[in-house]
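J.: A predicted structure for the sequence below; I have some questions about it.
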Amino acid sequence: MTKVHELLDAKGRSIWTVAPETSVFDALQLMSEKQIGAVLVVESRKLVGVFSERDYARKIVLKGKSSKSATVQEMMTKRIFFVSPEETLATCMKLMTAQHVRHLPVLDGDRLVGIITIGDVVKQVISDQQFTIDELTKYITGDGYV
């Protein structure tokens, strides 16, 4: 099974962060520019939260607040689920499903080294399964094996 560090090697390790005092509007602009669904909230080089499109929809829009005056700190998800680079994607899927999260920061000790999404994980799992199917098909048909 593929591990998180292998997924990060393939997809890249770009991480987009904002400070807690960033306005929700500015965070949304960054998310739009980078075409991402969440940003990590970092203070003094420490991960303190995740701000996602879901937070925006549930905490700003539905509560009638203003994205220009509200800060990310007020609206971010503070309960952070994360994984290490050595974790398997199967474990990530279980965690994401059980905790209803779509984004997992990747921490190597205290150091933030990436972020993975449910889309990243599903895409890689499907690729892994297709590889297995192809190899089994070759084995069964004798194609490519001596």
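T.: Arrived safely, thanks for sending. Note that the structure is predicted; figures quoted are calculated from it, not measured.

J.: contacts, neighbours, all on C-alpha from now
T.: Noted.

J.: ok, now how distant is the nearest residue to residue 23 once chain neighbours are set aside from residue 134?
T.: Of all residues not flanking residue 23 in the chain, residue 71 sits nearest, at 4.3 Å (Cα to Cα, 6 or more residues apart in numbering). Going from residue 71 to residue 134 by Cα to Cα, to the nearest Å gives 49 Å.

J.: can you verify residue 15 is assigned to a strand?
T.: No - looking at residue 15 with DSSP: H, G, I helix; E, B strand; the rest coil, it is coil, so not inside a strand.

J.: for the chain, what spans make up the strands?
T.: When secondary structure is read from DSSP state E, the chain shows strands at 17-18, 38-43, 46-52, 103-108, 111-117.

J.: out of these, flag the one nearest residue 32.
T.: Each of the strands of the chain has some distance to residue 32 by Cα to Cα; the shortest is strand 38-43, at 9.8 Å.
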